[in-house]
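> build the 3D model from these lines:
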Amino acid sequence: MPSMYAHQKFGNDVLCLLPKKVRERIAEQEDLYHIGLQGPDIFFYHKPLSWGEIPQYGNHLHDLTGHVFWEKLLTQYFLLSGDDGEMQERRGRARIYLYGVLCHYTLDSTCHAFIDETERTGVTTHAELEGDYDRRLIAAEGRDPVCEVLTRRFHPSREAAEAIAALYPEVTEDIVEKTLHSCVSFQRLVLCRHAWKRNLIFTALRLIGKYDSLHPHIMNKEPDPDCQEAEERLDELYREALPKAAFLIAELDRCLELFPEEAAMQQCRTYTESTDFDRDFCGMVPQQEK
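Sure, this is the predicted structure:
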């Protein structure tokens, strides 16, 4: 969840590797691509101070293998209906969102096993490492991480909520829209450019017993020395994931372009059975798919 910037940057870097026609398609629905880059993490922002049903749903999605997760979403994609014009618009929006989520899945499934392994050594926590890695990426581009607005390209809208909710039948458009706005509000809350606000929020988090889980969302003023060695490995994994994500998006785009629809559906089934989707979002290959 703290790795919001890493997913944004990854999605932007993947764009540069995509075929021109796919980049042009994404440009037409850019907002949905950028929301998709956050994957199921968006559900963690629904009432983030209380771990309720919607954040638990986000956790459930993370525990699914890629096979199951992508079969579910693509099944919902092909259920989108309406007259020809309306159906094409609905599927067009959903399609670009899916490309963003593919980036999220690829980066998560490539990096999370290493992050969890690092946490088990006791050097740092999962959330602290992800938060400090965001800091590293922002600083590398010559900007001040403490002042960075992470939701600069994350634009909630009713239209976006409609497109996303259609792919997750367990949630409503209203819930998705509130969740998207909550994401922006939460990131605005934890943007601490001044020491007084940082100290105030840290104090409040301690009082409500949420310091350990939520303080990594507040950008460190300085790099965490305990994270530096692990972040060098994350840089390598990040680079490894880039061509894989670009390939998966281009391949899905090819499948969805097939005609008639039955051919597209069959190719999508074959697509989701690929070994590229063996892992869940945590990078694990479960013994039994959930």
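> please report how far H181 lies from A166.
Taken as C-beta to C-beta, to the nearest Å, the spacing of H181 relative to A166 amounts to 19 Å. (C-beta placed from N, C-alpha, C; glycine too.)
> between the two, who's got more neighbours?
For H181 versus A166, the count of surrounding residues by other C-beta atoms under 10 Å is larger for A166: 20 against 14.
> quick check, pLDDT for that one.
The predicted local confidence for A166 comes out at a pLDDT of 97.
> before we move on, what about the one 3 residues further on?
pLDDT, P169: 96.
> regarding it, what is its secondary structure?
In the three-state summary, P169 is assigned as coil, counting by DSSP: H, G, I helix; E, B strand; the rest coil.
> please apply the same query to F44.
In terms of secondary structure, F44 is helix; the call rests on three-state DSSP.
> surely it meets P55?
Yes - at 5.0 Å, F44 counts as touching P55 under the criterion of C-beta atoms under 8 Å.
> so which residue is smack in the middle of the protein?
In the chain, the centroid-proximal residue (C-alpha atoms, centre = their mean) is Q38; its distance is 2.3 Å.
> pretty sure that residue sits against F154.
Yes - when contacts are counted by C-beta under 8 Å, Q38 is listed as touching F154 (7.2 Å).
> any shared contact partners between those two?
In terms of C-beta atoms under 8 Å, 6 or more residues apart in numbering, Q38 and F154 are both contacted by the residues C183.
> mind listing what's buried in the longest helix seen in the chain?
Secondary structure assigned by DSSP state H gives helix 84-120 as the longest helix of the chain. Residues 90-91, 93-115, 118-119 are the ones in helix 84-120 that count as buried (16 or more other C-beta atoms under 10 Å).
> give me the helices and strands touching that helix, please.
Counting contacts by 3 or more C-beta pairs under 8 Å, 6 or more residues apart in numbering; DSSP states H and E, the secondary-structure elements packed against helix 84-120 are helix 4-15, helix 20-28, helix 30-36, helix 66-79, helix 126-140, helix 158-165, helix 228-256.
> quick one: low-confidence residue ranges for the stretch 1-150 of the chain.
When residues are selected by pLDDT under 70, those of the stretch 1-150 of the chain lie in 1-2.
> tabulate the helices and strands packed on helix 84-120 (JSON lines), appending distance to L214.
Below are the helices and strands packed on helix 84-120 laid out as JSON lines (distance: least, C-beta to C-beta, whole Å):
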{"stretch": "helix 4-15", "distance to L214": "14"}
{"stretch": "helix 20-28", "distance to L214": "32"}
{"stretch": "helix 30-36", "distance to L214": "22"}
{"stretch": "helix 66-79", "distance to L214": "27"}
{"stretch": "helix 126-140", "distance to L214": "8"}
{"stretch": "helix 158-165", "distance to L214": "25"}
{"stretch": "helix 228-256", "distance to L214": "21"}
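> and those helices: which comes nearest I201?
Counting by C-beta to C-beta, I201 lies closest to helix 126-140 out of the helices and strands packed on helix 84-120; the figure is 14.1 Å.
> how about that closest one: buried residues?
126-138.
> helices and strands around that helix, which ones?
Using 3+ C-beta pairs under 8 Å, 6+ apart as the contact criterion, the neighbours of helix 126-140 among helices and strands are helix 4-15, helix 84-120, helix 228-256.
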